[in-house]
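Asks: Fold the following.
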Amino acid sequence: MRKTARFATVFLALPLGVPAWAQSTSTTDTKSTQTTRAHKKNEKPEPGPGRQIGNGAGNIGAGAAKGAGDVAKGAGKSAENLATLHPIDAATSLGKGGASAGKDVSKGAVKGTAKIGKGVGRAFKKIL
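Replies: Numbering: from 1, shown residues only. A predicted model of the protein is given here:
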């Protein structure tokens, strides 16, 4: 009776365990290759050093232009508030415009300088 119980256990457990074991290894291999392929397809090539330097200069210019627009908007609102005899609101509008301008100019300058630095570094790397 012991032999038949062992035989029955092995006979029933083996067909259930082997396919599950084989299937788990094959799915992980397929998933890993699919994710690496998808990851490589979605990656964009990094632009050349000249383009990075140009983009950095563009970011600096865009930040300065946006800052100038914010100053103009704040000055316009300030003038409107002064004309309607609201001096506190006029000062607030002027301050908000200046603060927004400072934020935009500094953000553009930092992003642009970083891109220019990266592009110059890559250009030197190519030369040397």
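
Asks: which phi and psi does Glu43 have?
Replies: phi -70, psi 130 (degrees, to the nearest 10).

Asks: Tell me the pLDDT of it.
Replies: Per-residue pLDDT puts Glu43 at 79.

Asks: same thing with Pro47?
Replies: pLDDT at Pro47 comes out at 88.

Asks: Spit out the contact partners of it.
Replies: By C-beta atoms under 8 Å, 6 or more residues apart in numbering, the contact list for Pro47 reads Asn55. Quick note: C-beta positions are derived from backbone N, CA and C, even for glycine.

Asks: next one: phi and psi at it?
Replies: Phi and psi for Pro47, reported as degrees, to the nearest 10, are phi -70, psi 160.

Asks: residue ranges with poor pLDDT in this protein?
Replies: 1-41 (pLDDT under 70).

Asks: care to break it down by domain?
Replies: With domains defined by automatic domain parsing, the chain comprises 1-43, 49-127.

Asks: So which residues of the chain form helices?
Replies: Remark: helices assigned in the chain by DSSP state H are 2-42, 49-83, 87-127.

Asks: and the shortest one, what other elements does it pack with?
Replies: Other helices and strands packing on helix 49-83, by 3 or more C-beta pairs under 8 Å, 6 or more residues apart in numbering; DSSP states H and E, are helix 87-127.

Asks: just checking, what packs against the helix it packs on?
Replies: Packing partners of helix 87-127 (3+ C-beta pairs under 8 Å, 6+ apart): helix 49-83.

Asks: Gly50 touches Gly119, doesn't it?
Replies: Yes. Look at Gly50 against Gly119 with C-beta atoms under 8 Å: they come within range, at 7.0 Å.
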